[in-house]
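Build me a structure from this.
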Amino acid sequence: MSEQQQQTEETLYRVVLNDEEQYSIWWADRALPAGWHAEGSEGTREECLARITELWTDLRPLSLRRRMDATAA
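The predicted model follows:
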């Protein structure tokens, strides 16, 4: 295993989301960028990506979902 692969596997990430309920991962030891909030899950890159797969079942931004719901009603 290369040193870079080992560092990547040891890096702790957190699951983050923005106001449009779009998910991403971010390094756990760094301040979050503006507009992003911690979801509450932390782990390896793979664990965080798996968590996002569980949570983010509708990839449409929140504003679009609301607009479509209002149109349908």
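
Across the sheet, point out what pairs with S24.
V16 (DSSP bridges).

For it, give me the pLDDT.
pLDDT for S24: 98.

do the one 10 residues further on as well
Model confidence at A34, expressed as pLDDT, equals 97.

sec struct for it, please.
coil (DSSP: H, G, I helix; E, B strand; the rest coil).

Strands of the chain, start to end?
13-18, 23-27, 36-43 (DSSP state E).

Output stretch 18-32 as CSV, nothing but the C-alphas.
Extracted in CSV, the C-alpha atoms of stretch 18-32 (Å, rounded to 0.1, in the frame of the first residue of the first chain):
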residue,chain,number,x,y,z
ASN,A,18,-26.1,22.6,2.4
ASP,A,19,-29.4,24.5,2.6
GLU,A,20,-30.6,22.7,-0.6
GLU,A,21,-30.1,19.4,1.2
GLN,A,22,-27.3,18.4,-1.1
TYR,A,23,-24.7,16.1,0.6
SER,A,24,-20.9,15.9,0.4
ILE,A,25,-17.9,14.9,2.5
TRP,A,26,-15.4,17.2,4.2
TRP,A,27,-12.3,16.7,6.2
ALA,A,28,-13.3,16.3,9.9
ASP,A,29,-10.3,18.4,11.1
ARG,A,30,-11.1,21.4,8.9
ALA,A,31,-13.7,24.2,9.4
LEU,A,32,-16.7,23.8,7.2
